[in-house]
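A.B. asks: fold the following for me, if possible:
(6 chains, ligands or ions: 12)
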Amino acid sequence: MKFASEFRDPKAAKALLAEIARVADKIGATKEKPIHIMEICGGHTHSIFRYGLDKLIHEGVEFIHGPGCPVCVLPRARVDECIEIAEREGVIFTTFGDAMRVPGSKKSLIQAKAEGADIRMVYSPLDALELARRNPEREVVFFGLGFETTTPSTALAIQQASREGLQNFSVFCNHITVPEPIKALLDDPHMCLDGFIGPGHVSMVIGIHPYDFIAEDYHKPIAVAGFEPLDLLQSVLMVLNQVAEGRAEVENQYARVVPEHGNPVSLAAIADVYERRPSFEWRGLGEIDASGLRIRPAYAAFDAEEKFGVGYAGVRTELKDPEGCACGAVMTGRMKPVDCPQFGRGCTPEMPLGALMVSSEGACAAYWQYGGARAREAAE
Amino acid sequence: MKFASEFRDPKAAKALLAEIARVADKIGATKEKPIHIMEICGGHTHSIFRYGLDKLIHEGVEFIHGPGCPVCVLPRARVDECIEIAEREGVIFTTFGDAMRVPGSKKSLIQAKAEGADIRMVYSPLDALELARRNPEREVVFFGLGFETTTPSTALAIQQASREGLQNFSVFCNHITVPEPIKALLDDPHMCLDGFIGPGHVSMVIGIHPYDFIAEDYHKPIAVAGFEPLDLLQSVLMVLNQVAEGRAEVENQYARVVPEHGNPVSLAAIADVYERRPSFEWRGLGEIDASGLRIRPAYAAFDAEEKFGVGYAGVRTELKDPEGCACGAVMTGRMKPVDCPQFGRGCTPEMPLGALMVSSEGACAAYWQYGGARAREAAE
Amino acid sequence: MALRDERVTLAHGGGGKAMRDLIEEVFTSVFAPPGMEDQARLQAEALAEPGARLAFTTDSYVVTPIEFPGGDIGKIAVCGTVNDLAVGGAAPLWLSAAFIIEEGTEIALLRRIVATMAREAEAAGVRIVTGDTKVVGRGACDGVFVTTAGVGVIPPGIEMAAGLVAPGDVAIVNGVLGDHGATILAARGDLALSSAIESDCAALGHLMVDVLVAAPGAKAARDLTRGGLASALNEIAEAAGCGIEIAEDALPLRAEVVGMCEILGLDPLYLANEGRLVVFVPEDQAEAALSAMRARPEGEGAVIVGRAVEGHKQVRMTTAFGGQRIVDMLVGEQLPRIC
Amino acid sequence: MALRDERVTLAHGGGGKAMRDLIEEVFTSVFAPPGMEDQARLQAEALAEPGARLAFTTDSYVVTPIEFPGGDIGKIAVCGTVNDLAVGGAAPLWLSAAFIIEEGTEIALLRRIVATMAREAEAAGVRIVTGDTKVVGRGACDGVFVTTAGVGVIPPGIEMAAGLVAPGDVAIVNGVLGDHGATILAARGDLALSSAIESDCAALGHLMVDVLVAAPGAKAARDLTRGGLASALNEIAEAAGCGIEIAEDALPLRAEVVGMCEILGLDPLYLANEGRLVVFVPEDQAEAALSAMRARPEGEGAVIVGRAVEGHKQVRMTTAFGGQRIVDMLVGEQLPRIC
Amino acid sequence: MCLGIPGQIVAITDESRQMAMAEVSGVRREVSVACVADEGPLSGLIGQWALIHVGFAMSLIDEDEAAKTLEALHDLGEAQEALEQMAAGDAALAGE
Amino acid sequence: MCLGIPGQIVAITDESRQMAMAEVSGVRREVSVACVADEGPLSGLIGQWALIHVGFAMSLIDEDEAAKTLEALHDLGEAQEALEQMAAGDAALAGE
Ligand code: SF4
Ligand code: SF4
Ligand SMILES: [Mg+2]
Ligand SMILES: [Mg+2]
Ligand SMILES: [Mg+2]
Ligand SMILES: [Mg+2]
Ligand SMILES: [Mg+2]
Ligand SMILES: [Mg+2]
Ligand SMILES: [Mg+2]
Ligand SMILES: [Mg+2]
Ligand SMILES: [Mg+2]
Ligand SMILES: [Mg+2]
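C.D. replies: Residues are numbered from 1 along each chain as shown, chains lettered A, B, ... in the order given. Ligands and ions are numbered 1, 2, ... in the order given. Next comes the predicted model:
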């Protein structure tokens, strides 16, 4: 695969790993006192495990898995609201596969589907739009979920629906943004991060300047990275070099895809369709100011919150995170999944307690799938 | 079964058969020159074969199977219209099982169902009404089919729907009447009938006087009969006795069920809901004046012809009876099923050409099912 | 991992842990001896006997409703296939059971079905040795379909075939006819009929063994499933090339079944049974066969209904009334009629 | 009576003449030798051999779409069950085939499915000896479901079991992985993906015979259906109580399959196959097994993918990149994901 | 045509809609009694037999008329039997 | 998060809706090119590589930047290899 396999070359990896080791040693990072680098994006978490980078890398470098999985940070109340909409008479509820198994307070979408709700997985909001065209007598709701990478696609779908005058298409908007939770993390007094791997695909939309505050205000290095293993290793090296050299900058490892100022069409579509909510609730992190988007009144006809009177447009019920769930601590890097008291006991992929165990992007699921679970079993 | 099994007593049958033989001999009926008695009603045809009465009875008595099967006399065009309605978006088409296999010009209802039309068999128009109540978003059409016995039930269903203000219930009315085709038969110059067995269940609704013209104008005897074998044999005896005594009267063998003047509630419901069509087409018999009913304008909201613009309310296509089909001749008693050139060749119950082969009431189907087919094979 | 879901979801069909849990907890652990394997490896002495033949049969079961008075789909899935083996003269040994399950099906329902199957298999002396589960999306099947296949052994010397029936042979059925068909008609609910009739569903393997001991000259047997007695007799008459005459008087029919048939315009001769068979035996073994049947609960109501005859090749019935009519094969299913 | 209907109606399931015509014309007359009977009576010398065991297995096939590039439901219904027998070391002999058919199904489609089955059975050297058809109402099933059961014979001395796999044994697969799963994903249409991938569906009975001749010490084999290679290896590791290590480099994967997985966020290790198996053989017989496989078209792409190891009890994969990861069982089906 | 069957009214199920439960040989079905309802309360129908057609009680069965018909048939049967016995006696006497 | 994959635009399928066919390793899917469309006709996109996410081409891939990154990685690899060879040589010389 062009622009992918080239970035998996083991020879270059060896060199990168050696160089990382050299710099890590230089800055005195050890297993006992590692340097903590947070990969913000769940896709990076996935790549790290998929290629075994955590095992290959110098033991003084520790990856902290950030909150960058939109499914993992989805509060149970929002899943309940999805199900409430999906179970309405006449609704076809469409969603990316990722959200299917996330537990709400009573059931997941896959269980609601089994009980009779018409819930369909789609690959693209465009497919939901097409379903709406083909089923004029049904209301097709798309579950808009994701960070800035995905936000333009639902915005464009809404614009298209508006142009076509579709009456039966709406989006249940749960889009969220990356910079705000990072800021929240950095403001956390328990924070122990030394640098960041920046989310490559979010950045191709928003560019690299939204991270300036990380370097400027918090003096932490960040490298925006691609998703192939060499991309990740190179970014780690960039961060380490910044640390070694006492710099704190926003660097762009992924320049082949990420333009400095992002994608203007996408940004315009987002600005046209969405506005910021005053605050938005994140699972494990609580309410974060200005971290969520809602559909502007001009597009209210396509806003499922308005159409169905649910979500922030409806009566919101407070739902505590489940007892004993350490998702918040894991997501903020204060705890490793295997150290959660529920990991592998009350919380497994078959019966996830927290969201991090559900999505394959979730740090706990990744630990489990890639062996953390058995490591724990073996240890006991 | 009370009021049924008592009328199947073989001992009494023996006596009746002996008496019939005595009277038949007296009036000189022989195998070569039999006396022709038409049982008007398909239900009687069914009983005759079910109990083997045609084999048991004196060979000078020949049963002629009349046009009293509403399915058999249904023109192909009407089946096509049923299918046209049934295939409309949103329609639930309900029918008695009898009509399912009757061939239209292209397909039958059972085939239309296989192709996707929502066609359901019901036992009663009340069940169709209940379906309409339970499926307010669908249009439930009931195929109103049958003679005077069945007509009151659809009339009462329409009155009930009207009382309830149901918006999604309508009847595709194909109700027909018994006296008019009898008159048509009697007017046929080829007619060779010596007497009639009158339809017992039609008569419980209309009483026995509508047959007065048979006796008074055409001087033919008639006995209104029940459906048990003793009922039939007794009626034959009554007809033979009339012949022997030179009488032509309307007698009532089935007095336990048939009131002289019929059922007033039923008659009132019919009069309220229906009016006579100027004429109606019968398969094999052509158009017969005043032989069909339509829904009165006052109940137009429940008239599927009006709602869908089909049938006599729409563009009617002329459809000839299929080539080589002798249904008309069989139904008027001019031909025996086995003498139809198509019987068992182009026309079998698997692939019926004519309607008489479809319904188990149909004379040809009855001949086939009760052995006529094999008799023919054996003969060849 | 205990199954905590109340309903089957698509995850239970995905080939992963959810599926394994479902299969182990709901299916294999219940069938005794445990271990419905993906592939069973089996040995039976009877099969190794010279001249013994293996009998192999299958049926899919799609009954609606899945549970009905007197049984459920699991019961007919075991009994039906056992009976297909038994009427061929085979001793039933092993069954396979493949389940197609609609998303959303209650797991408690599956447990009940499996419990029935385990119980019926044990009673019938067969083992359910291999199986499969598939989960399909909502609307892609009607609750649960079960397909069983059966393997049995036909001992040397046993030869049952419709073609062997000859004039003079006596036709015996093991009990009242049409109870299953009438039960299902009522249980579906769309005709809004109710009655106390229960399905006749029963495994007839032991009964057939007893019949073959009592009447070693038995020619052929047929279970009276779809199409009922009328269809089975027509098949036999055709294969045997002779006529069959039955007497309406002799037909064992429950009053309720007759009543339901009268209401709907159906003929009980064509109603389906799931625990009834007809067996043709030489006249001089008829009494022995009858006694053997009547000695078992599933043959309590056994009676002679007719015999094979010369002179024609039809199935004919002498009516209670003294007339005679031909009992032909139907084209399709009997439909309720009003006229 | 020639079948004139273009589509299956409920009459074809009613137990009467319409059903008989459908069965005779569309099914039994096509399976060679003709005569798919309600109950088959069979004899095989191999079964009578002392020490021989009978193998018995079943699967229901519910694939959507019913016809797809490289095959149809009939092909996988024959191949899948043949393969389940073959991987147990059995020589497949006989199949049963039970069809659940939705009202409205085109009869031409049934004919094509049956033709495929007859062809595949002949090629695989098995006979379809018994069968069943059921017709269900529109919406009560999804077109056509086929359930096959298979009977085979395990010759004396052959013992294949996952529990026998021991450290040092080599794992061989017979060709590229995931083609079937990727084909079905694309063929369903709802993801709007297109590619030239075709299902790998193939019967592997002959191949297994050759492997067992070339590598008589073969320990265990598994066909790689639902859950793919990853699930099969996990099952084997669990049964064997040892670890399995595979190399990502060694995995035979078509570029298109990798591409589709990248688009949808899937792992090809979990994709279903219908003509692929993994066999574990002692190291010194690995080359012989490989050559035997490669000599057959369905084993052309055979390669060693890994081996059983001591020291852990997991399935681990050395990534092309030099790292290592654990390949666990999934919970349910893999779902396409965007993040 | 017009399959009809005698059933007994065993209960009133919905007075306002004139619905009742009819029983035929132990099989029950709800039917309309609109056509056979008199002025009085519907409960007067309980125990009566009616001819049932497509879910409607169409006509109450006149038990006297039924008895009359049966009696006539019975008499005919007896007469016939006597006749036959006489014929048989004659034949026996005649040594046939 | 945000699974994205490089695909090549191989055809324009709907100019007005800005839809094109993208290909990833022989697998095709229709995608929106709204985000990567310039002023000119869409046909200018044919042959170009883009990052595909949920059915949208989100960003054109800058082939020069890709080459630059690869070159740097390659150089690092070469250097490392040279280093290792030297180390191996040293070790051999040292008789380890
Ligand atoms: S193991 Fe479960 S509860 Fe604990 S942090 Fe992970 S997802 Fe949350
Ligand atoms: S055999 Fe067929 S064509 Fe001839 S009269 Fe009868 S129904 Fe009509
Ligand atoms: Mg069978
Ligand atoms: Mg069977
Ligand atoms: Mg059978
Ligand atoms: Mg299986
Ligand atoms: Mg259903
Ligand atoms: Mg299997
Ligand atoms: Mg298998
Ligand atoms: Mg299998
Ligand atoms: Mg069968
Ligand atoms: Mg369907």
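A.B. asks: C-alpha only now, for contacts and for neighbours.
C.D. replies: Will do.
A.B. asks: for whichever residue of chain A sits closest to ligand 11, which non-adjacent residue is closest in space?
C.D. replies: Using C-alpha to the ion, A:Ala114 is the residue of chain A that sits closest to ligand 11, at 31.1 Å. Leaving aside its chain neighbours, A:Ala114 sits nearest to C:Gly104 (4.0 Å; criterion: C-alpha to C-alpha, 6 or more residues apart in numbering or on different chains).
A.B. asks: who's in contact with that neighbour?
C.D. replies: C:Gly104 is in contact with A:111, A:113-116, C:7-9, C:138, counting by C-alpha atoms under 8 Å, 6 or more residues apart in numbering or on different chains.
A.B. asks: return the backbone torsion pair for it.
C.D. replies: phi 100, psi -10 (degrees, to the nearest 10).
A.B. asks: please apply the same query to A:Ser5.
C.D. replies: When read as degrees, to the nearest 10, the backbone of A:Ser5 gives phi -60, psi -30.
A.B. asks: measure it to chain F for me?
C.D. replies: According to C-alpha to the nearest C-alpha, to the nearest Å, A:Ser5 and chain F sit 11 Å apart.
A.B. asks: how about A:Glu287?
C.D. replies: Taken as C-alpha to the nearest C-alpha, the span from A:Glu287 to chain F is 21 Å.
A.B. asks: got it, and C:Val82?
C.D. replies: Distance, C:Val82 to chain F, using C-alpha to the nearest C-alpha: 50 Å.
A.B. asks: so which strand or helix has that residue?
C.D. replies: Secondary structure from DSSP states H and E places C:Val82 in helix C:73-86.
A.B. asks: rewinding a little: closest one to ligand 12 out of the contacts of C:Gly104, please.
C.D. replies: C:Arg138 (9.0 Å).
A.B. asks: torsion angles phi and psi at that closest one?
C.D. replies: Torsion angles, degrees, to the nearest 10, at C:Arg138: phi -50, psi 130.
A.B. asks: tell me the domain ranges of chain C?
C.D. replies: C:10-35+C:51-154, C:162-326 (automatic domain parsing).
A.B. asks: what's the pLDDT at the most centrally placed residue in chain A?
C.D. replies: Nearest residue to the geometric centre of chain A (C-alpha atoms, centre = their mean): A:Cys69, 2.1 Å. Listed pLDDT for A:Cys69 reads 86.
A.B. asks: the closest residue to A:Asp25 other than its chain neighbours: neighbouring residues, count only.
C.D. replies: Among residues not flanking A:Asp25 along the chain, A:Gly60 sits closest, at 7.8 Å (C-alpha to C-alpha, 6+ apart). When neighbours are defined as other C-alpha atoms under 10 Å in any protein chain shown, A:Gly60 has 20 of them.
A.B. asks: could you pull out the strands for chain A?
C.D. replies: Taking DSSP state E, the strands of chain A run over residues A:35-41, A:61-68, A:91-95, A:119-121, A:139-146, A:169-175, A:195-199, A:222-225, A:250-252, A:274-276, A:279-282, A:286-289, A:293-295.
A.B. asks: any idea which of these is most buried?
C.D. replies: Of the strands of chain A, the one with the most neighbours on average (mean count of other C-alpha atoms under 10 Å in any protein chain shown) is strand A:222-225, at a mean of 31.
A.B. asks: tell me the contacts of the nearest residue to A:Ile48 once chain neighbours are set aside?
C.D. replies: Leaving aside its sequence neighbours, A:Ile48 sits nearest to A:Asp54 (C-alpha to C-alpha, 6+ apart; 6.2 Å). With contacts defined as C-alpha under 8 Å, 6+ apart, A:Asp54 is in contact with A:48, A:62-63.
A.B. asks: just the residues you listed now: which is nearest ligand 1?
C.D. replies: Distance to ligand 1 across those (C-alpha to the nearest ligand atom) is lowest for A:Phe63, with 15.9 Å.
A.B. asks: name whatever forms a beta bridge with that closest one.
C.D. replies: Per DSSP bridges, the residues bridged to A:Phe63 are A:Ile37.
A.B. asks: for the domains of chain C, give me a markdown table that also has mean pLDDT.
C.D. replies: Below are the domains of chain C laid out as a markdown table (pLDDT from 0 to 100):
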| stretch | mean pLDDT |
| --- | --- |
| domain C:10-35+C:51-154 | 94 |
| domain C:162-326 | 96 |
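A.B. asks: now these as CSV including distance to ligand 11?
C.D. replies: Shown next, in CSV, are the domains of chain C (distance: least, C-alpha to the ion, whole Å):
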stretch, distance to ligand 11
domain C:10-35+C:51-154, 5
domain C:162-326, 9
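A.B. asks: for D:Thr57, find the nearest of those.
C.D. replies: The closest of the domains of chain C to D:Thr57 is domain C:10-35+C:51-154. By C-alpha to C-alpha, the value is 5.7 Å.
A.B. asks: pull the distance from the closest one to the chain's centre.
C.D. replies: How far domain C:10-35+C:51-154 lies from its chain's middle: 14 Å, per C-alpha atoms, centre = their mean, to the nearest Å.
A.B. asks: close to ligand 3, is that domain?
C.D. replies: Yes. Using C-alpha under 5 Å from the ion, domain C:10-35+C:51-154 reaches ligand 3 at C:57-59.
A.B. asks: end to end, how far does that domain reach?
C.D. replies: 41 Å (C-alpha to C-alpha, to the nearest Å).
A.B. asks: tell me if that domain is near ligand 6.
C.D. replies: Yes. Judged by C-alpha under 5 Å from the ion, domain C:10-35+C:51-154 comes into contact with ligand 6 through C:Asp132.
A.B. asks: ok, back up a step: quick one: the next helix or strand after the helix holding C:Val82 near chain D?
C.D. replies: Where DSSP H and E defines the elements, the next helix or strand beyond helix C:73-86 is strand C:91-102. Yes. On the criterion C-alpha under 8 Å from any C-alpha of the partner chain, strand C:91-102 is in touch with chain D at C:96-100.
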